[in-house]
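[1] Can you look at this prediction? I've put the sequence above it.
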Amino acid sequence: MKNTIKTLSILFFASLLFAACNKQPTVQQYYVEKQENDNFIAIDLPASLLKVGDAASEETKATMATIKKLNVLAFKITESNKEAFKTEYAQVKEILKSDNYNELMRMKHDNINIVINYQGSDDAIDEFILFASDNSKGFALARVLGNKMQPEKIMKMAEDFKNIDKEGAGDALSQLADLFGDIDMD
């Protein structure tokens, strides 16, 4: 009996160790690891800085209230970092393929590929991940953290994005707009 308990204990701890070693990286870990890298622009915005303008719908204002924080990590391609871009791009794509994230949608605007993933249940999402990439300009990886966000309301808010008060967010959104010049932030 003692040998059985001892064997089961060893197997239990070995499986815990194995599970810990095989843990897939997350977007959050990637963000923390890369935010000090010179190839990246890192922007952290609390939701209080992302105010909606008066022209925004009441639904958009209510949806904004479910957002707590926005983290953006952007990689801008230069002549000297093209190889690093390929490596980082592949790494982000691999992270997003993991079981940690569910794909919500894909779209293309001009030369920009956009993929939106999420974590949480289908009706109460805790984190949206937006990955926008352009092979000639770079990529942006945005984490929208919130509390029980609803996908359909977030998508509606995205349509109403023009009514977000960019001046309230200071210089951060204009830096991001510089990365993808064809996205109009004004």
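    Done, it's in.
[2] Run a quick neighbour tally on Pro46.
    As a burial measure, Pro46 scores 12 neighbours (other C-beta atoms under 10 Å). All C-beta spots, glycine's among them, are computed from the backbone N, C-alpha and C.
[3] Compute the number of surrounding residues for Lys137.
    If you count neighbours by other C-beta under 10 Å, Lys137 ends up with 20.
[4] Equivalent analysis for the one 10 residues further on, please.
    Residues contacting Asn147 under the criterion other C-beta under 10 Å number 12.
[5] you'd agree it is up against Lys68?
    Yes. Counting by C-beta atoms under 8 Å, Asn147 touches Lys68, with 6.3 Å between them.
[6] where does the chain dip in pLDDT?
    Confidence mapping of the chain against pLDDT under 70 gives the ranges 1-23, 50-53, 157-186.
[7] ok, which stretches of it are helices?
    Using DSSP state H, the helices of the chain run over 2-21, 27-34, 58-64, 82-97, 151-159, 172-179.
[8] And the fourth one, what's buried?
    Meaning helix 82-97. Buried positions in helix 82-97, judged by neighbour count with 16 or more other C-beta atoms under 10 Å: 84-85, 88-89, 92, 95-96.
[9] List just the nearest of these to Ser121.
    Leu96 (18.7 Å; C-beta to C-beta).
[10] Name the nearest residue to the closest one, sequence neighbours excluded.
    Asn117 (5.6 Å; C-beta to C-beta, 6 or more residues apart in numbering).
[11] What of Glu103?
    Spatial nearest neighbour of Glu103, excluding adjacent residues (C-beta to C-beta, 6+ apart): Asn117 at 5.3 Å.
[12] Provide a list of residues in contact with that neighbour.
    Going by C-beta atoms under 8 Å, 6 or more residues apart in numbering, Asn117 touches 96, 101-104, 128-129, 131.
[13] Distance to Lys61 for those residues - can I get that in a markdown table?
    Below are the contacts of Asn117 laid out as a markdown table (distance: C-beta to C-beta, whole Å):
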| residue | distance to Lys61 |
| --- | --- |
| Leu96 | 30 |
| Tyr101 | 28 |
| Asn102 | 27 |
| Glu103 | 28 |
| Leu104 | 22 |
| Phe128 | 18 |
| Ile129 | 23 |
| Phe131 | 27 |
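[14] Please pick the buried ones from those.
    Buried residues within those, defined by neighbour count using 16+ other C-beta under 10 Å: 96, 101, 104, 128-129, 131.
[15] Tell me which of the residues you listed fall in strands.
    If you go by DSSP state E, the buried ones among the contacts of Asn117 have 104, 128-129, 131 in strands.
[16] which of those lies closest to Lys153?
    Closest approach to Lys153 among those (C-beta to C-beta): Phe128, at 11.4 Å.
[17] Distance check, the closest residue to that closest one other than its chain neighbours against Asn39.
    Leaving aside its sequence neighbours, Phe128 sits nearest to Val144 (C-beta to C-beta, 6+ apart; 4.1 Å). Per C-beta to C-beta, to the nearest Å, Val144 is found 23 Å from Asn39.
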